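please work out how this folds:
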Amino acid sequence: MNPTITLTLLKGDDVAGEYVYTGPLRCVVGRALDSDVCIPADPLYQDVSRHHCSFEIDPPRIRVRDLGSLNGTFVNGLKIGQRENLKWCESDPDGSMSGIELHPGDEVQLGQNTILRVNIYPPPEYAHTDLGVEDEFVLEGRTERVSIY
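This is a model prediction of the structure:
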């Protein structure tokens, strides 16, 4: 089973879009029409830059990197970049910095109203390349045994 990464664009509690990736690529998010994930040109999203951030996707791995946005990019509430940090942006003019690694359930926030939720299937810590593999993990205080066929 090939790993799949899904970025879910949230508008409040509603899903505004879903983007599914099965192979390696660089995905740019912003308000510009040439963005891979295009945020609506709506007054609600004015705080999202034209090219706000990028995702380096190579399932099951995904990393996010701010592209010198005006209002910053946040991962689970922690700021990872913004335009005022010119030294950081200037040190990486070609976008080769690796960014921040993301995990299933992480939320990437752009500005005040735009959230992208990350899903990875199967989750990397339980992904197996062999068929018929059994694994154990702890879920909500109890041990579960999973067989993958």
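
okay, which residue is most central for the chain?
Residue closest to the mean C-alpha point of the chain, counted by Cα atoms, centre = their mean, is Val118 at 5.0 Å.

and it, what does it touch?
5-7, 62, 102-108 (Cβ atoms under 8 Å, 6 or more residues apart in numbering). Glycine gets a C-beta too; all of them are placed from N, C-alpha and C.

could you tell me how far stretch 6-14 lies from the centre of the chain?
Centroid displacement of stretch 6-14 relative to its chain, using Cα atoms, centre = their mean, to the nearest Å, is 12 Å.

strands along this protein, start to end?
Secondary structure of the chain by DSSP state E: the strands cover 4-11, 14-21, 25-30, 37-38, 53-58, 61-66, 73-75, 78-81, 100-101, 107-110, 114-121, 133-139, 142-148.

deepest of those, which one?
Most buried of the strands of the chain by mean neighbour count (mean count of other Cβ atoms under 10 Å) is strand 73-75; its value is a mean of 23.

what lines up beside that strand in the sheet?
strand 78-81 (antiparallel), strand 107-110 (antiparallel) (DSSP bridges).

out of the ones you listed, which is closest to Gln46?
strand 107-110 (11.4 Å; Cβ to Cβ).

chain center to that closest one: distance?
On Cα atoms, centre = their mean, the centre of strand 107-110 falls 8 Å from the chain's centre.
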